[in-house]
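Student: What shape does this take:
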Amino acid sequence: MEFVEHFRNKKVFTKKEIALFYSSAGLELSDNALRWRIHKLKGQGIIMPVGRSIYSLESKPRFLLEPDKLTKKIVTLFGQRYDVDYCIWDTKILHNFMLHQPFRFFYVLETDKDVTESAFYHLKDNGIKVFHSPSLKIMEEYVLGEDDVVLIKSLVSRSLLTKAGNIAVPELEKVLVDIFCDQHQFFMFGGQEMIYIFENAIDQYNINFTSMYAYAERRGKREMIKSFIQDKIIGK
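Tutor: Residues are numbered from 1 along each chain as shown. Alright, predicted model coming up:
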């Protein structure tokens, strides 16, 4: 099929690019006719939406984090005292997307900013190695040299969350935006590794770009991350 061949090597493509494809084939479609063509392509299983007016050829699974033993312990301790929104994840979920594998990983617990300090002391008093919104220096000197370390941070409003059983975990889109925005804590995922992570995540899983860009906007980095993805991932 000519349409499939045309877009085969593109990770994602837009409604505008679909219109240009038909235009180059001699079909100048009205907006209604173009919407009908796209609807038909979706109905035939040829394309799938991955954002507002953004499509992909292949159906990919959604990423779902699987909590480990320490994650469950942390959530149990947290739930004993707090009834507020939270999410938890660990950085080893990024390792499969990377070229160079880190020797260690750490956990990230995010919750209401009004309880982060109290939760820090509660976890610490229960034997958890925890750091409250650590700086770059603390990350380098203390966090990365230890096993089973937890960072506790403020949870951004309207974060992209889901459930793994009864545990609140982030969507992959949130994790990608956070490592892009918080380089003082995720510097080990910067540079070329950042490109590998985004590229492999987009290749392997269904990424909702509309949700990801909306979350990035709440973090004040929408245009930066959009340009990064377009220049380094999709457009290369």
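
Student: Next, the buried residues of the host helix or strand of residue 152.
Tutor: Secondary structure assigned from DSSP states H and E places residue 152 in strand 149-154. Of all the residues in strand 149-154, those buried under the rule 16 or more other Cβ atoms under 10 Å are 149-153. Placement of C-beta: from N, CA and C, glycine included.

Student: Likewise for stretch 66-82?
Tutor: Within stretch 66-82, the residues scored as buried using 16+ other Cβ under 10 Å are 67, 71, 73-75, 77-78.

Student: Export the residues you listed to TSV and append columns for distance to residue 102 and pLDDT.
Tutor: Listed next are the buried residues of stretch 66-82 as TSV, based on distance: Cβ to Cβ, whole Å; pLDDT from 0 to 100:
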residue	distance to residue 102	pLDDT
67	20	95
71	18	97
73	22	97
74	20	98
75	24	98
77	26	97
78	25	97
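
Student: Just name the closest of those to residue 193, please.
Tutor: residue 71 (23.5 Å; Cβ to Cβ).

Student: Distance-wise, check the closest one relative to residue 116.
Tutor: Distance, residue 71 to residue 116, by Cβ to Cβ, to the nearest Å: 18 Å.

Student: cool, and residue 60?
Tutor: 34 Å.

Student: Those two: which has the busier surroundings?
Tutor: Using other Cβ atoms under 10 Å as the criterion, residue 60 and residue 116 rank with residue 116 on top: 18 against 14.

Student: Let me see the contact set for the closest residue to that one other than its chain neighbours.
Tutor: Nearest residue to residue 116, sequence neighbours excluded (Cβ to Cβ, 6 or more residues apart in numbering): residue 152, at 5.3 Å. Residues near residue 152 by Cβ atoms under 8 Å, 6 or more residues apart in numbering: 109-111, 116, 119-120, 123, 130-133.

Student: Show me what residue 152 is bridged to.
Tutor: The partner list for residue 152 in beta bridges (DSSP bridges) reads residue 109, residue 132.

Student: Show me what the helix or strand of the chain with the lowest mean pLDDT is packed up against.
Tutor: Each helix and strand of the chain was given a mean pLDDT (mean pLDDT, DSSP states H and E); the minimum falls on strand 48-51 at a mean of 83. Strand 48-51 is packed against strand 54-56, helix 209-218, with contacts defined by 3 or more Cβ pairs under 8 Å, 6 or more residues apart in numbering; DSSP states H and E.
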